[in-house]
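1. Show me how the following folds:
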Amino acid sequence: MQETTVENTSNDVYEKFQNIEFYINKYGQKLIDYLPDILSAIVILVLGWWLVKLIVKLAKKVFEARSLETSLQKFLLDLISWVLKVILFITVVAQLGIETSSFVAIVGAAGLAVGLALQGSLANFAGGVLILLFKPFKVGHFIKAQGVEGTVKEISIISTKLLTFGNQLAVIPNGKLSNDTIVNFTEEGIRRENLTIGISYDSDIKKAKEILLALLMEQDLILKGEGQTPMVAVAELADSSVNLTVRFWAKLEDFWNIKFFTIEEAKSRLEAEGISLPFPQRDVHLIGQEKE
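-> This is a model prediction of the structure:
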């Protein structure tokens, strides 16, 4: 009985060794055949990963040299990194002999579906990239766009925030902002103002012009350089008044104080010299009303 048990055990061990030998013979050769591809795939993966990091590092230096916004830098660097890693993954998989056409098709279809679902967001995203790249304005600039005037508080990839004169926060989608006319009052550092002041038809136009021009010339904060000479001229013969244009240039930090002072002082000086400042009047005749 003991001999039979030993014999059965020996047979089981022998069969197991035979099975192991079978699998080694069957798959060992395939492993040897695939070994060059596996090794080359590993080499491609290691070198490719190093190359991706190198390209991202070089791109970062280029972006910093061009003084790109931090948010745009981060986005572009992440985008470059992910695109290169996807290309590297496909290359490694192809080197292992795996069919990649279906994988590429799936990625393309997924990208198309996401693009269709996020058309509006992608438009805002693209607009944000253009704004951050070409810099039509910066944080702190005073601009006018989409019917809103205000100081730029924040520029993100999706939207831009403006703080209006009324201390209201306006959020404008970058898609609309990048396709609209943007007036940047800050970029040049100085600003021109055209005030319209109406005087009566009975008033002395020449005298009024002299008073207003003297008011401009005596203000030190009004610029008087080349191409910035203050000017007063007749702009329009309106229904109720002769409209004079009062034009001057000022630095941004002085602009509003000068404007408010000039308007107030112009009224005081003109009235002091007997220059009438008319306002629209309308005569109403009541038909059929009995006279007393």
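2. Tell me if I'm right that Asp37 and Ala94 touch.
-> No. Applying C-beta atoms under 8 Å, one finds Asp37 not in contact with Ala94, separated by 10.0 Å. The way it works is simple: take the backbone N, C-alpha and C, and place the C-beta from them, glycine included.
3. So which of those two has more stuff around it?
-> Ala94 (15 against 12; other C-beta atoms under 10 Å).
4. How far does the strand or helix carrying that one sit from its chain's centre?
-> Ala94 belongs to helix 70-95 when assigned by DSSP states H and E. In terms of C-alpha atoms, centre = their mean, to the nearest Å, the centre of helix 70-95 is set 23 Å apart from its chain centre.
5. ok, now stretch 230-250?
-> So, by C-alpha atoms, centre = their mean, the centroid of stretch 230-250 is 38 Å from its chain's centroid.
6. likewise stretch 150-166?
-> 10 Å.
7. Just the pLDDT at Thr5, thanks.
-> Looking at Thr5, its pLDDT reads 54.
8. just the one 5 residues further on next, same as before
-> As summarised for this prediction, Ser10 has a pLDDT of 56.
9. And for the one 5 residues further on?
-> The pLDDT attached to Glu15 in the predicted structure is 60.
10. The one 10 residues further on too?
-> Looking at Asn25, its pLDDT stands at 59.
11. Now do the buried residues in stretch 263-280.
-> Applying a neighbour-count criterion of 16 or more other C-beta atoms under 10 Å, the buried positions in stretch 263-280 are 266, 270, 275, 278.
12. how is the chain carved up into domains?
-> 9-115, 136-184, 190-272 (automatic domain parsing).
13. So for the second one, mean pLDDT?
-> By that I understand domain 136-184. 89.
14. same question, the last one
-> Mean per-residue pLDDT for domain 190-272: 93.
15. so how far is it from its chain's centroid?
-> Worked out by C-alpha atoms, centre = their mean, domain 190-272 lies 37 Å from the chain centre.
16. ends of it, how far apart?
-> 32 Å (C-alpha to C-alpha, to the nearest Å).
17. pretty sure Ile197 is in contact with Leu212, am I right?
-> Yes. Using C-beta under 8 Å, Ile197 makes contact with Leu212 at a distance of 7.0 Å.
18. rewinding a little: so which of the buried residues of stretch 263-280 belong to strands?
-> Among those, no member is found in strands (DSSP state E).
19. Tell me which of the residues you listed fall in helices.
-> Among the buried residues of stretch 263-280, the residues falling in helices (DSSP state H) are 266, 270.
20. Throw the buried residues of stretch 263-280 into a markdown table and include distance to Ile190, thanks.
-> What follows is these, written out as a markdown table (distance: C-beta to C-beta, whole Å):
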| residue | distance to Ile190 |
| --- | --- |
| Ala266 | 21 |
| Leu270 | 27 |
| Ile275 | 30 |
| Pro278 | 33 |
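21. who touches the closest residue to Val148 other than its chain neighbours in this structure?
-> If the residues on either side of it in the chain are set aside, Val148 comes closest to Ala170, at 4.8 Å by C-beta to C-beta, 6 or more residues apart in numbering. Ala170 sits next to 148, 150, 161-164 when contact means C-beta atoms under 8 Å, 6 or more residues apart in numbering.
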